[in-house]
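any chance you could fold what I've pasted below:
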Amino acid sequence: MVRKTVVELVDDLDGSRADETVEFGIDGSVYQIDLSADHAEDLRSVFEAYVRAGRKVTDRSRRRTRARSERTDTRAVREWARSRGIQVSERGRIPQHVLDAYHGRQTG
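Just a heads-up that it's a prediction; the model follows:
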């Protein structure tokens, strides 16, 4: 006996037959949506001006940016801790209790 499984994409906007899955991102989140060819074209045309004006981010540049911001944050944590008499080393991992206290101050 032969069994055949058919996967049919359904357009997430109107329930019609979808032709492709489109992936897009904004504000650090990545989304996928199944769209017909017409809806996919509409979405791409909406983004077109923004894509032309923007910069493509690669994994390498994303990691580099994240590392820079982490250094800035750790420097701020160390300065904050020292200004309150909390001992922290110049380099290396910052103790969790210091990070917790810092973030409590930031949100409280």
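
so Ser36 touches Asp12, yeah?
No: Ser36 is beyond contact range of Asp12, at 9.9 Å (criterion: Cβ atoms under 8 Å). All C-beta spots, glycine's among them, are computed from the backbone N, C-alpha and C.

between these two, which contacts overlap?
Ala18 (Cβ atoms under 8 Å, 6 or more residues apart in numbering).

got the phi/psi numbers for Val77?
Val77 adopts backbone torsions of phi -60, psi -50, taken as degrees, to the nearest 10.

neighbours of it, how many?
19 (other Cβ atoms under 10 Å).

and the residue lying closest to it once chain neighbours are set aside, how far from Gly92?
Leaving aside its sequence neighbours, Val77 sits nearest to Tyr102 (Cβ to Cβ, 6 or more residues apart in numbering; 4.9 Å). To Gly92, Tyr102 is 16 Å away according to Cβ to Cβ, to the nearest Å.

cheers, nothing more for now.
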